[in-house]
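Visitor: I would like to see how this sequence folds:
(one chain, ligands or ions: 1)
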Amino acid sequence: MIEVRAHGRINLIGDHTDYTGGFVLPMLIDPYTTIVGEFTDGDLWSLASDDEPDAVEVDTTIDDPASVRPVWGRYVAGVLHQIRALGLSPRGFRGRVSTSLPIGSGLSSSAALEVAVARVALTGVAELSDVEVATLCQSAERIASGVPCGIMDQLCIASGRPGQATLIDCEQLTIEHCPVPATVRFTYEFIAPRRLSGSEYATRVEESTRANRIIGPLREAKLDRLVDITDPVVQRRARHVITENQRVLDFAHAMRIGDIETMGRLMTESHRSMQHDYETSNELMDAAVERLLDEPDVIGARLTGGGFGGCVVALRRLDH
Ligand code: GLA
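Guide: Model (predicted):
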């Protein structure tokens, strides 16, 4: 019998910076996905789910994971496919997945499923680093969902430590675990369902990539380079990414020295930047952030993750 667990994540600050090699600062949350089961002879992966009516039955040698049904099986198949692409041979498996993560709420339930599947499938097969596991799971996510996502969710879930934020340099793929100051806590709240597949996520990736080509790398670009971008929309997207990367670094520094006021201010500035420059927020998410900011113990609040719905996070002082 084997049992693995992979937690979900919130992102404290640093959204839409990962796919141009910038900085992000996500953190694991308590809800998690568990896979329990046994290895079997042969190549069949058979996974039932507590949340989905149909079980997944896929061969570990599957060629076309994006065609698997039920649709949630594409994440499973994508991971198995990517493991084989590394020249490794996962064993057959029969088990069950369950999760306390709300699905489709922007808390990375799909990345948690991918990392859990990878941890099971790699058991006794190969010892990969967290970065290697995250990279193969990111590829699986792209195949399964068609969304050209960055590495943040998978790398946070593969490498994060409970109660600590994970500062990720998405270019170097290095990680620093950042303790949360004892005087604050982060909370998150689900506001509206969202799907990145079919959303403007891919458009944002394309716009950022254009900006990156003109004045990049964006992680090193200064704001005075924005004048070189003639398209005003792409210019705004670049301004978000440049300022957001700086906010992540400033936030991590503020965390280290316990400057909670600065942490809160940066989170709210980050939300404003997504609201006006990156345009990944909407009226519901904006209203939720304003409502949170009116609460007496809240020092900062923002939309978290890909956007167009999902969850908001708040930084709250404990001594209030
Ligand atoms: C989604 C993607 C991540 C990242 C965020 C936005 O969660 O999966 O790679 O781009 O959106 O920060």
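
Visitor: Report the next helix or strand after the strand or helix carrying R5 in sequence order.
Guide: Using DSSP states H and E, R5 maps to strand 2-13. In the C-terminal direction, the helix or strand that comes right after strand 2-13 (DSSP H and E) is strand 23-40.

Visitor: quick one: buried residues of whichever helix or strand comes after that next one?
Guide: Remark: after strand 23-40, the chain's next helix or strand is strand 44-49, criterion DSSP H and E. Using 16 or more other CB atoms under 10 Å as the test for burial, strand 44-49 gives W45, S46, L47, A48, S49. No exception for glycine: its C-beta is placed from N, CA and C like everyone else's.

Visitor: Now do strand 44-49: everything it contacts.
Guide: 35, 37, 40, 55-60, 72-73, 76, 80, 90, 92-98, 117, 121 (CB atoms under 8 Å, 6 or more residues apart in numbering).

Visitor: Swap in 7 Å and give it another go.
Guide: Residues from elsewhere that reach strand 44-49 (CB atoms under 7 Å, 6 or more residues apart in numbering): 55-60, 72, 76, 80, 92-97.

Visitor: Neighbouring strands - and their directions - for it?
Guide: Partners of strand 44-49 in the sheet, by DSSP bridges, are strand 56-59 (antiparallel), strand 92-99 (parallel).

Visitor: Format these as CSV; extra columns: mean neighbour count, mean pLDDT and distance to R5.
Guide: CSV is the format used below for the strands paired with strand 44-49 (neighbours: other CB atoms under 10 Å; pLDDT from 0 to 100; distance: least, CB to CB, whole Å):
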stretch, mean neighbour count, mean pLDDT, distance to R5
strand 56-59, 18, 98, 19
strand 92-99, 18, 98, 10
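
Visitor: Distance to V234 for the ones you listed - can I get that in CSV?
Guide: Shown next, in CSV, are the strands paired with strand 44-49 (distance: least, CB to CB, whole Å):
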stretch, distance to V234
strand 56-59, 40
strand 92-99, 38
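
Visitor: is stretch 8-28 anywhere near the ligand?
Guide: Yes. Stretch 8-28 reaches the ligand (CB under 6 Å from any ligand atom) through N11, D15, H16, D18, Y19.

Visitor: how far away is the last one from T209?
Guide: In this structure, Y19 and T209 are separated by 8 Å, where distance is defined by CB to CB, to the nearest Å.

Visitor: Just want to know which of these two has more residues nearby.
Guide: Set side by side, Y19 and T209 show more neighbours around Y19, with 20 against 16, by other CB atoms under 10 Å.

Visitor: in terms of contact, does the more buried one touch V205 like I think?
Guide: Yes. Y19 lies in contact with V205 (CB atoms under 7 Å); the separation is 5.5 Å.

Visitor: The strand holding R5 pairs with which strands, parallel or anti?
Guide: strand 23-40 (antiparallel).

Visitor: Now do the nearest residue to C156 once chain neighbours are set aside against L107, distance only.
Guide: Excluding the flanking residues, the one nearest C156 by CB to CB, 6 or more residues apart in numbering is P26, at 4.0 Å. P26 sits 10 Å away from L107, going by CB to CB.

Visitor: Please enumerate the shared neighbours of those two.
Guide: With CB under 7 Å, 6+ apart as the test, P26 and L107 both reach R9, I10.

Visitor: any residues in contact with both of Y19 and V205?
Guide: P148.

Visitor: domains for this protein, by residue range?
Guide: According to automatic domain parsing, the chain comprises the domains 2-168, 178-317.

Visitor: The shortest one and the ligand in contact?
Guide: Spelled out, it's domain 178-317. Yes. Among the residues of domain 178-317, G305, G306 lie within reach of the ligand under CB under 6 Å from any ligand atom.

Visitor: when you give positions from now on, start the count at 253
Guide: Let's use 253 as the start, then, which means that last one is domain 430-569.

Visitor: can you give me how far that domain is from the chain middle?
Guide: On the basis of CA atoms, centre = their mean, to the nearest Å, domain 430-569 sits 13 Å off its chain's mean C-alpha point.

Visitor: and the domains of the chain, which is most packed in?
Guide: Among the domains of the chain, the stretch with the highest mean neighbour count (mean count of other CB atoms under 10 Å) is domain 254-420, at a mean of 20.

Visitor: Can you give me the first-to-last residue distance of that domain?
Guide: This stretch, domain 254-420, spans 30 Å end to end (CA to CA, to the nearest Å).

Visitor: Next: stretch 410-422.
Guide: So stretch 410-422: terminal residues 14 Å apart, CA to CA.

Visitor: quick check, it touching the ligand?
Guide: No. On the criterion CB under 6 Å from any ligand atom, stretch 410-422 is out of touch with the ligand, staying 8.7 Å away.

Visitor: So what touches that stretch?
Guide: Stretch 410-422 is contacted by residues 259, 261, 264, 270, 273-280, 367, 382, 385-386, 402-404, 407-408, 427-432, 504, 507 when judged by CB under 7 Å, 6+ apart.
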